[in-house]
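Enquirer: below is the structure, and that's it, no one-letter string:
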Ligand code: GRF
């Protein structure tokens with residue numbers, strides 16, 4: 001039985017607390033918009049048996065995303081939700097005004113001061129997200145991993161997709177947040193003249209790249225580096241990190257701990273934590289392998 005079948009609706013959202021299907025393994029959906037080298041790294045680890053989760057589906061907002069090809073070659077079901085259609089076309093499925101208004105009060109991704117146009121865009125995003133949620137439910141996904149998914153998710157999606165009453169969506173970002181949020185983490189790090197670049201894996205919240213930090217690692221940037229060198233070194237680290245973070249989540253070792261006077265801290269209660277972080281430091285200094293940068 002899939003976790004979808006086991007899950008139950010709690011106040012309008014799907015609760016995945018009885019999650020992870022008959023196998024007991026975490027069921028991961030990966031969302032991509034582009035080349036999908038992170039996805040490939042996860043697929044490779046799944047094949048090697050070192051990913052403690054199953055990739056149950058791969059979704060994209062772009063039919064031409066090469067990540068979809070990688071998934072299909074690995075025999076993983078794929079789906080495409082055309083944001084173009086939702087954002088530019090007629091609205092076929094109505095989205096209730098009250099829902100749009102309540103999502104608008106919580107969201108921190110759309111900053112248009114004109115309420116009508118902001119809510120129109122929000123309504124369209126929610127419609128697209130409903131389609132994604134239907135795919136995720138059909139595949140019984142417990143956790144969503146964003147891997148180069150270039151769309152911002154609204155509080156509607158995030159509220160519907162939670163695990164064990166914890167955030168259910170994770171993102172990998174190519175900078176040491178809160179520095180350099182947005183779409184060009186490597187370029188911004190390089191152009192700023194940083195001596196260190198960083199990678200952040202975080203839960204997704206209602207802002208852009210603002211969610212609780214799960215894991216971070218840094219790598220050196222040398223004087224002779226071009227931006228592409230920086231990206232290659234960082235991607236190598238991304239590929240090492242993402243599977244290990246998913247494994248901690250799969251083992252239920254990731255806790256969001258409230259702290260007085262500050263943001264909640266994500267604590268990794270796994271005996272491997274310090275050793276794994278040490279291995280990231282080593283990986284950052286290892287001569288980088290040829291990381292395939294194909295992005296279509
Ligand atoms: C990665 O740099 C990731 O950190 C960012 O988007 C990029 C995706 O790369 N969110 P790929 O598609 O996995 O190669």
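Expert: Cool, got the structure. These numbers come from a predicted model, not from an experiment. Residues are numbered from 1 along each chain as shown.

Enquirer: residue numbers of the protein in contact with the ligand?
Expert: Proximity of the chain to the ligand (CB under 6 Å from any ligand atom) is limited to residues 32, 34-38, 67, 147-148, 172-174, 238. Using the backbone N, CA and C atoms, a C-beta is placed for each residue, glycine as well.

Enquirer: make sure residue 202 is indeed in a helix.
Expert: No - with DSSP: H, G, I helix; E, B strand; the rest coil as the criterion, residue 202 is assigned strand and is not in a helix.

Enquirer: tally of neighbours for it?
Expert: Residue 202 is surrounded by 23 other residues when neighbours are defined as other CB atoms under 10 Å.

Enquirer: pLDDT score for it?
Expert: For residue 202, the pLDDT comes out at 98.

Enquirer: related to what we said a few turns ago, who wins for neighbours among the residues of the chain next to the ligand?
Expert: Neighbour count (other CB under 10 Å) singles out residue 67 as the most crowded of the residues of the chain next to the ligand, with 29 neighbours.

Enquirer: nearest to the ligand: which residue in the stretch 51-200 of the chain?
Expert: Of all residues in the stretch 51-200 of the chain, residue 148 sits closest to the ligand, with a separation of 2.6 Å (CB to the nearest ligand atom).

Enquirer: check contacts around that residue.
Expert: When contacts are counted by CB atoms under 8 Å, 6 or more residues apart in numbering, residue 148 touches 32, 33, 34, 35, 36, 38, 67.

Enquirer: give me that answer again for 6 Å
Expert: If a contact means CB atoms under 6 Å, 6 or more residues apart in numbering, then residue 148 has 32, 33, 34 as its contacts.

Enquirer: so the second one makes contact with residue 152?
Expert: So that's residue 33. No - under the criterion of CB atoms under 6 Å, residue 33 makes no contact with residue 152, lying 11.8 Å away.

Enquirer: which of these two has more residues huddled nearby?
Expert: The residue with the greater number of neighbours, taking residue 33 and residue 152 and applying other CB under 10 Å, is residue 33; the counts read 20 against 16.

Enquirer: per-residue pLDDT, the closest residue in space to that one that isn't next to it in sequence?
Expert: In space, not counting the residues next to it along the chain, residue 33 is nearest to residue 150; the distance is 4.1 Å by CB to CB, 6 or more residues apart in numbering. Per-residue confidence at residue 150 stands at 96 (pLDDT).

Enquirer: and if you look at the one 4 residues further on?
Expert: We have a pLDDT of 97 for residue 154.

Enquirer: what residues are up against it?
Expert: Here residue 154 is in contact with 103, 107, 125 (CB under 6 Å, 6+ apart).

Enquirer: could those residues be laid out in CSV, adding secondary structure?
Expert: Compiled in CSV, the contacts of residue 154 are given as follows (three-state DSSP):
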residue, secondary structure
103, helix
107, coil
125, helix
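
Enquirer: give me the buried subset of the residues you listed.
Expert: Of all the contacts of residue 154 considered here, the ones buried according to neighbour count by 16 or more other CB atoms under 10 Å are 103, 107, 125.

Enquirer: which residues does stretch 125-141 contact?
Expert: Residues outside stretch 125-141 that contact it (CB under 6 Å, 6+ apart) are 2-4, 27, 29, 56-57, 59, 79, 81, 83, 86, 93, 95, 154, 156-157, 160.

Enquirer: buried set for it?
Expert: The neighbour-count criterion (16+ other CB under 10 Å) identifies 125-133, 135-137, 139-141 as the buried residues of stretch 125-141.

Enquirer: for the ligand, see how far away residue 240 is.
Expert: For residue 240, the distance to the ligand equals 13 Å [CB to the nearest ligand atom, to the nearest Å].

Enquirer: state the next helix or strand along the chain beyond the helix or strand hosting that residue.
Expert: Secondary-structure assignment from DSSP states H and E places residue 240 in helix 227-250. Downstream of helix 227-250, the next assigned helix or strand under DSSP H and E is strand 254-259.

Enquirer: next secondary structure after that following strand?
Expert: Per DSSP H and E, strand 254-259 leads on to strand 262-268 as the next helix or strand towards the C-terminus.

Enquirer: for the record, mean pLDDT for that next one?
Expert: Confidence over strand 262-268, taken as the mean pLDDT, stands at 95.

Enquirer: after that strand comes which helix or strand?
Expert: Per DSSP H and E, strand 262-268 leads on to helix 273-285 as the next helix or strand towards the C-terminus.

Enquirer: could I get the full set of strands for this structure?
Expert: In the chain, strands defined by DSSP state E lie at 8-10, 13-15, 26-32, 53-60, 78-80, 143-146, 161-163, 166-167, 169-173, 196-203, 213-220, 254-259, 262-268, listed in chain order.
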